[in-house]
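> here is a sequence together with a model predicted from it:
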Amino acid sequence: MGRVFQMAPLFGAFPAEGCHAAAFRLREVEPCFDAQDEIVLDFTGVRIVNSSFANALIVPLLEQRGETALKKLLFRGCSPVIRVMIEGALSLGLQRANENGHRATV
C-alpha cells in the first residue's frame, strides 16, 4: 500500500490555485515519493479543478521522474471533469519528460 492524500479536506470542493498545488506537491508528495510504491490522489468530494491546479500538482512529477511517476501515481474519486484536467496534465508532463530525455510512455 502507498500513501493516500484526500484532496477535498486539504483543498475544498473547488481547488483552483496552482501555487497551493505546487506547495503541497513540494511539501507532501515529493518527500515521500521514493519511499512509496504508490501515491494515491483521492479527489472524492472535489467537484472540479482547473488546469493551473492540475498542472502544478502533476506535471513536475512526470517532468522530473518520467516513467517512475507515471507508474506510482494513482487517481481516485475523479469526476469526468476532473479526469479531463488530470489527463491534460499527464499529457503535458509526458511531453515535457520526453523533451527532457526521460522515458515516459503511456
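Noted; the coordinates are in hand. Residues are numbered from 1 along each chain as shown.
> okay, and the helix or strand of this protein with the least pLDDT?
helix 67-72 (a mean of 90; mean pLDDT, DSSP states H and E).
> quick one: mean pLDDT over the helix or strand following that helix.
Elements were assigned by DSSP states H and E; along the chain past helix 67-72, the next helix or strand is strand 73-76. Across strand 73-76, the average pLDDT comes to 97.
> next structured bit after strand 73-76?
Helices and strands here follow DSSP H and E; after strand 73-76, the next one along the chain is helix 80-99.
> helices or strands up against that next one?
Judged by 3 or more CB pairs under 8 Å, 6 or more residues apart in numbering; DSSP states H and E, the packing partners of helix 80-99 are helix 51-65, helix 67-72. In short, each C-beta sits where N, CA and C put it, glycine included.
> and the contacts of it?
43, 46-51, 53-55, 57-63, 65-67, 69-70, 75, 78, 103-106 (CB atoms under 8 Å, 6 or more residues apart in numbering).
> now do it against helix 51-65, angle only.
30 degrees (axes from the mean of the first three to the mean of the last three CA atoms, to 10 degrees).
> so for helix 80-99, what gets flagged as buried?
Neighbour-count burial for helix 80-99 flags 82, 85-86, 89-90, 92-94, 96-97 (criterion: 16 or more other CB atoms under 10 Å).
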